[in-house]
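Participant: Sequence and computational prediction follow.
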Amino acid sequence: MEENNCCCHKTKVRDQEEVKRLIHRLSRIEGQIRGIRGMVEKNAYCTDILTQVAAANAALNAFSKELLAEHIRTCVAQDIRDGKDETIDELVATLQKLMK
């Protein structure tokens, strides 16, 4: 994990395969959201829209799970090896946000 010196946010260099997988998932989610918007614009039935919203939520959750797993395998594991125990608190806070 690299530190970005211009601000307080951390950054991470991802390999091209991970970037490709994450971008692919996000592109599909974008398409789902555009489809939901189209359904609203075309006055689709409420339960049909809600079904598509549930599918988009599931896709976002799958994206989060994949990103979280990779974060734990790489960033968190390396920080623990480096003795940066504050990373555990950061991980706990992140998990609490995801579980709201």
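Facilitator: Received it, and whenever you're ready, just let me know what you need.
Participant: so after the helix or strand hosting Glu66, what's the next helix or strand?
Facilitator: For Glu66, the enclosing helix or strand under DSSP states H and E is helix 46-71. Next helix or strand after helix 46-71 toward the C-terminus (DSSP H and E): helix 77-81.
Participant: In that next one, which residues are buried?
Facilitator: For helix 77-81, the buried set under the neighbour-count rule, 16 or more other Cβ atoms under 10 Å, comprises Asp79. Bear in mind the C-beta positions are built from the backbone N, C-alpha and C, glycine included.
Participant: can you check stretch 17-34 too?
Facilitator: Within stretch 17-34, the residues that count as buried by 16+ other Cβ under 10 Å are Arg25, Ile29, Gln32.
Participant: So what's the gap between the helix holding Glu66 and the chain middle?
Facilitator: Between the mean C-alpha location of helix 46-71 and the chain-wide mean there is a distance of 10 Å, by Cα atoms, centre = their mean, to the nearest Å.
Participant: Could you do stretch 77-88 as well?
Facilitator: Shown here is stretch 77-88, whose average C-alpha point lies 21 Å from the average C-alpha point of the whole chain (Cα atoms, centre = their mean).
Participant: cool, and stretch 86-100?
Facilitator: The mean C-alpha position of stretch 86-100 is separated from the chain mean by 14 Å, Cα atoms, centre = their mean.
Participant: Tabulate the CA atom coordinates of that stretch in PDB.
Facilitator: Backbone C-alpha positions of stretch 86-100 (Å, rounded to 0.1, in the frame of the first residue of the first chain) are rendered in PDB as follows:
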ATOM      1  CA  GLU A  86      -4.300   0.400  13.900                       C
ATOM      2  CA  THR A  87      -5.200  -1.400  10.700                       C
ATOM      3  CA  ILE A  88      -7.400  -3.700  12.800                       C
ATOM      4  CA  ASP A  89      -9.400  -0.800  14.100                       C
ATOM      5  CA  GLU A  90      -9.800   0.500  10.500                       C
ATOM      6  CA  LEU A  91     -11.000  -2.900   9.400                       C
ATOM      7  CA  VAL A  92     -13.500  -3.100  12.200                       C
ATOM      8  CA  ALA A  93     -14.800   0.300  11.400                       C
ATOM      9  CA  THR A  94     -15.100  -0.600   7.700                       C
ATOM     10  CA  LEU A  95     -17.000  -3.800   8.600                       C
ATOM     11  CA  GLN A  96     -19.400  -1.900  10.800                       C
ATOM     12  CA  LYS A  97     -20.200   0.500   7.900                       C
ATOM     13  CA  LEU A  98     -20.800  -2.400   5.600                       C
ATOM     14  CA  MET A  99     -23.100  -4.100   8.000                       C
ATOM     15  CA  LYS A 100     -25.500  -1.100   8.500                       C
END
